[in-house]
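[1] no sequence for this one, just the structure:
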């Protein structure tokens, strides 16, 4: 097998060398902080030669009497204390912003920032964030973090000095809804992993996390009235293994943690398909009264609730009622996709019966765009996941007042591979490199769905191949940041060349956080001002050399190890065999 790969590597040598000129060279120096913010703000006006020094005596002051503003101040201090070693005390703001402080205020922001935006003014004597709400202050804090060097994200003390460049930034989102989805049904992900993901989402101004809580392979949320859903349905996962589920207390912990990051949790119970875990738990939910075996494969489209049985709707009402009681956010997601074993007539009957059950909980319904085959209330949000640029049901729903969440699988699905060499992920919707994830316009993507009819953008991460937090990192980053910019920044700022520069400047931040991101060759990753190869102790990679024993090299500012005998396959390119392992910056 190794000899076969070697021959293929040699055969591809000419192609690799020919393509090398199209690869992005590494960043030779750090991009100035005010030019490296992701998502890019609406307006940035630098103040040349001005900087605010963050020092041991710096304090944080927040809107007097506002518990919400104080919480944001405590969050900011919690981010900055470990790396700086500074005390950064948090207290109520006096009438005048004190010199040497960072102020978070709920007054004086321009009206244009709305309920989610902010104004940030940094001078030599203070940094002042102003917003109409705590949501806006929290968004501004994420920008403030990016004005400091990436090492500020480190969990341990780092050398200074620390300074925030002078600037005036006015910023607000393009879409109110900016989301991500994590599938915890195919592979169960514990509370710690979900919290880690929430932290990552928050720093790029994503404000919704959609949890896919039930599927054929597992049921992940405790339902008191139907206890076997978790004890049976939650007992395994894709590939076998113990599976798992969230108790009500654990789910509440996730909801509260998300709220502290200004993120709304949207729970999904997929139906009427994707329900084998429920059918295996309760025989009476099956039309034939026989419970099927638990499934640990990745097939789809074979399961269905029994549309004609009254107990089906008792079951759904119970689940939705208990889930709504745990979920303060306004949405319940009812799935609705890939119901291939449900007839078209039964599908419409089912959706029409479930819509009032959601309404009875006081929540608004979200569902995959398949639910738009039914007549939806204007409050319903179909979530488009297709690979086309038109859908008759969605455009009809929009004409009735619905707003659409956009998650086109060939643009927004984080579980799609980057290229053929990507070690995990799927490829049924195609490969999605970083530029593919960035270069589409949500406001003009679907026929009949203009900007005003878009609720927002969401990035789903399905977990058939996603087992560990490191797997989540690798598939989500850097593409999630591309989607975050599409959801937040005005379309007038959209520019791939500028974005990849700003994206490359995120690398030191992610390294400090221990984030296992994909180092796309499309991006000039900031390596802290070094120019490589040349600073590594390992020899520079050569296209003509056959790497057998001496298989560790330096190339484009990174160390690489050949996984097998190779020639011509360039480290960091999208070669067919994924020969090289990236060991990080030199």
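    Thanks, I have the structure now. Everything quoted here is computed from the prediction, not taken from an experiment. Numbers count the residues shown, from 1 in each chain.
[2] how about low-confidence regions in this protein?
    Filtered on pLDDT under 70, the chain yields the residue ranges 1-31, 529-537, 556-557, 573-578, 585-586.
[3] do that again at 90, thanks
    Along the chain, the parts satisfying pLDDT under 90 run over 1-32, 527-586.
[4] Could you tell me the phi and psi values at the closest residue to residue 41 other than its chain neighbours?
    With CB to CB, 6 or more residues apart in numbering as the criterion, residue 41 has its nearest non-adjacent residue at 3.9 Å, and that residue is residue 171. In short, each C-beta sits where N, CA and C put it, glycine included. In terms of degrees, to the nearest 10, the main-chain angles of residue 171 are phi -150, psi 140.
[5] Each with direction, which strands does the strand ranked longest in the chain pair with?
    Selection of the longest strand in the chain by residue count, based on DSSP state E, yields strand 43-54. The strands beside strand 43-54 in its sheet (DSSP bridges) come out as strand 162-171 (antiparallel).
[6] Which residues does the partner strand contact?
    Taking contacts as CB atoms under 8 Å, 6 or more residues apart in numbering, the residues outside strand 162-171 that touch it are 32-34, 37, 41-55, 84, 110, 112-113, 117-124, 127, 139-140, 143-144, 147-149, 152.
[7] what does stretch 441-457 give?
    With CB under 8 Å, 6+ apart, stretch 441-457 has contacts from 174-179, 208, 381, 384, 389-391, 394-395, 398-399, 402-408, 412, 483, 486-487, 491, 494.
[8] From residue 508, how far off is residue 526?
    6 Å (CB to CB, to the nearest Å).
[9] and those two? which has more neighbours close in?
    Per other CB atoms under 10 Å, whichever of residue 526 and residue 508 has more neighbours is residue 526, with 26 against 22.
[10] What separation is there between the more buried one and residue 479?
    Distance from residue 526 to residue 479, by CB to CB: 18 Å.
[11] And the next helix or strand past the longest strand of the chain?
    strand 59-62 (DSSP states H and E).
[12] Tell me which other helices or strands that next one touches.
    Here strand 59-62 is seen to pack against helix 67-84, strand 90-92, strand 101-105 when contacts are counted using 3 or more CB pairs under 8 Å, 6 or more residues apart in numbering; DSSP states H and E.
[13] Let's have those in CSV, adding distance to residue 336 and mean neighbour count.
    Below are the helices and strands packed on strand 59-62 laid out as CSV (distance: least, CB to CB, whole Å; neighbours: other CB atoms under 10 Å):
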stretch, distance to residue 336, mean neighbour count
helix 67-84, 35, 19
strand 90-92, 45, 16
strand 101-105, 41, 25
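[14] Which of the ones you listed sits closest to residue 434?
    Closest approach to residue 434 among the helices and strands packed on strand 59-62 (CB to CB): helix 67-84, 25.9 Å.
[15] got the contact list for that closest one?
    54, 60-63, 86-90, 92, 102, 104-106, 133-134, 137-138, 141, 144-145, 148, 151-158, 160, 162, 260-261, 512.
[16] Narrow those to those that are buried.
    54, 60-63, 86, 88, 90, 102, 104-106, 133-134, 137-138, 141, 144-145, 148, 151-154, 158, 160, 162, 261, 512 (16 or more other CB atoms under 10 Å).
[17] list the contacts for residue 116?
    133, 135, 136, 139, 172, 173, 176, 207.
[18] scratch that, residue 276 is what I was asking about
    215, 216, 217, 292, 294, 295, 302, 303.
[19] now swap in residue 48 and tell me
    residue 166.
[20] And residue 236, by the same measure?
    217, 218, 242, 243, 294, 296.
[21] mind checking which helix or strand residue 466 is in?
    Under the criterion DSSP H and E, no helix or strand holds residue 466.
[22] Test my guess that residue 174 contacts residue 485.
    No. Using CB atoms under 8 Å, residue 174 is not in contact with residue 485, being 9.3 Å away.
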